[in-house]
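Novice: Next comes the sequence, and after it the predicted model I'd like to discuss.
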Amino acid sequence: MHPENKTNNHAVLIGFALIGLIAVITLYRPYFSQKKNSSPEKETSLNEVELDEPVKKDSAQLSSEELLKKITSGEKIIIIDLRDKADFELEHIIDSKNITLREITSADPLVDKNIPYILVNDGMQENLLLAKEALTKKGAVAVFYLKDSFQDWKEKNNPTISIGDPGSFTDKTKTKYVKSDEFNGFINTEKNLLIIDLRNPENFKNEHIKGAINIPLSELEARRKEIPIGKNIVLYDKDGLWAFQGAVKLSDLGFFNVLYLSDGFDAWQAKNYSMEK
């Protein structure tokens with residue numbers, strides 16, 4: 001055979017072999033594709049898709065930011081703090097009410113069914129859900145709960161009102177005091193003065209500093225709208241403790257022109273300064 005013909009024959013054979021290989025690949029491609037799709041890689045892919053889907057938020061949950069927006073906008077809401085009384089009195093969200101889960105599940109009817117309720121707790125979600133269910137059964141039209149604990153709310157520097165701890169450096173920085181002798185020196189000359197007696201009404205009726213009004217310490221937060229903006233405020237009680245606590249509360253509520261009588265009404269009375277019944 002002529003060498004040239006031999007070379008052509010080899011080229012033809014190689015060409016047929018390549019064509020055959022391509023035909024085999026084309027024929028079995030669906031098989032390999034199906035096998036690949038049915039492999040564990042497909043399951044992994046599906047799992048990845050599921051993980052990428054956004055987690056659905058409970059529609060009853062509120063973030064700290066959402067609750068703060070409702071408070072600052074003046075929206076009419078009822079905030080219920082489920083914690084025990086002692087913890088609530090130490091510090092709580094401004095204008096919240098302290099009602100325990102046991103009290104909520106009692107037979108007492110709701111006062112305001114049509115106002116949204118927002119529940120706050122120390123992180124125990126089970127109690128939040130039980131309280132939500134109880135309020136809903138009592139006819140509340142909307143019940144939400146703060147997904148953050150009260151401690152989380154506090155750590156984000158959101159507004160709270162504290163009891164006023166005389167041993168707390170932070171609380172001390174919120175207040176300024178005046179002693180009886182100094183107060184007596186300007187009580188008659190200060191024209192923009194508001195004196196608030198924090199004692200109970202019975203003691204106030206018996207005798208009090210001349211010109212004072214009576215707002216018991218326990219009612220100070222709820223009755224703060226009775227305090228005119230711009231007045232120079234002096235708080236007093238029997239011995240100075242409640243007056244200090246009242247000054248801390250008013251500071252938390254946004255009043256900064258407040259003094260408290262550090263030696264109290266007892267010292268004022270002992271010095272026969274101006275009083276009335």
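Specialist: Structure's in. What do you need? All figures in this text were calculated on a predicted structure; none of them were measured in a lab.
Novice: Quick check: beta-bridge partners of residue 120?
Specialist: residue 81 (DSSP bridges).
Novice: er, residue 258 actually
Specialist: Taking DSSP bridges as the rule, residue 258 bridges to residue 233.
Novice: Would you confirm that it contacts residue 233?
Specialist: Yes. The pair residue 258 and residue 233 passes the contact test of CB atoms under 8 Å, sitting 4.6 Å apart. To be clear about C-beta, it is placed using only N, CA and C from the backbone, and glycine gets the same treatment.
Novice: The two: who's more crowded?
Specialist: residue 258 (25 against 20; other CB atoms under 10 Å).
Novice: residue contacts, the more buried one?
Specialist: Shown in contact with residue 258 (CB atoms under 8 Å, 6 or more residues apart in numbering): 175-176, 233-235, 247, 250-251.
Novice: Check which helices and strands the one helix or strand residue 136 maps to is in contact with.
Specialist: For residue 136, the host element (DSSP states H and E) is helix 125-137. Helix 125-137 is packed against helix 101-104, strand 117-120, strand 143-146, with contacts defined by 3 or more CB pairs under 8 Å, 6 or more residues apart in numbering; DSSP states H and E.
Novice: So which of these is the most surrounded?
Specialist: Among the helices and strands packed on helix 125-137, strand 117-120 has the highest mean neighbour count (mean count of other CB atoms under 10 Å), at a mean of 24.
Novice: which helices and strands does that strand pack with?
Specialist: strand 78-81, helix 125-137, strand 143-146.
Novice: To residue 163, which of these lies closest?
Specialist: strand 78-81 (13.9 Å; CB to CB).
Novice: Could you check how far whatever helix or strand comes next after that closest one is from the centre of its chain?
Specialist: Scanning forward in sequence from strand 78-81 by DSSP H and E, the next helix or strand is helix 85-90. Centroid separation between helix 85-90 and its chain, computed with CA atoms, centre = their mean, to the nearest Å, is 15 Å.
Novice: in helix 85-90, what counts as buried?
Specialist: Residues of helix 85-90 classed as buried: residue 88 (neighbour count, 16 or more other CB atoms under 10 Å).
Novice: Indicate each strand paired with whatever helix or strand comes next after that helix and its parallel or antiparallel sense.
Specialist: Moving toward the C-terminus from helix 85-90, the next helix or strand (DSSP H and E) is strand 91-93. With DSSP bridges as the test, strand 91-93 is paired with strand 160-162 (antiparallel).
Novice: Report the rounded mean pLDDT for the strand it pairs with.
Specialist: Regarding strand 160-162, the rounded mean pLDDT is 96.
Novice: what pLDDT, on average, does the following helix or strand past that strand get?
Specialist: Sequence order places helix 169-173 as the next helix or strand after strand 160-162, per DSSP H and E. Taken as a whole, helix 169-173 has a mean pLDDT of 94.
Novice: What residues sit buried inside helix 169-173?
Specialist: In helix 169-173, counting by 16+ other CB under 10 Å, buried: residue 171.
Novice: repeat for stretch 233-249
Specialist: 233-238, 240-249.
Novice: cool, and stretch 222-236?
Specialist: 224, 227, 233-236.
Novice: Which residues are in contact with residue 112?
Specialist: residue 78.
Novice: how near is it to residue 269?
Specialist: 43 Å (CB to CB, to the nearest Å).
Novice: again, but for residue 59
Specialist: Counting by CB to CB, the gap from residue 59 to residue 269 is 58 Å.
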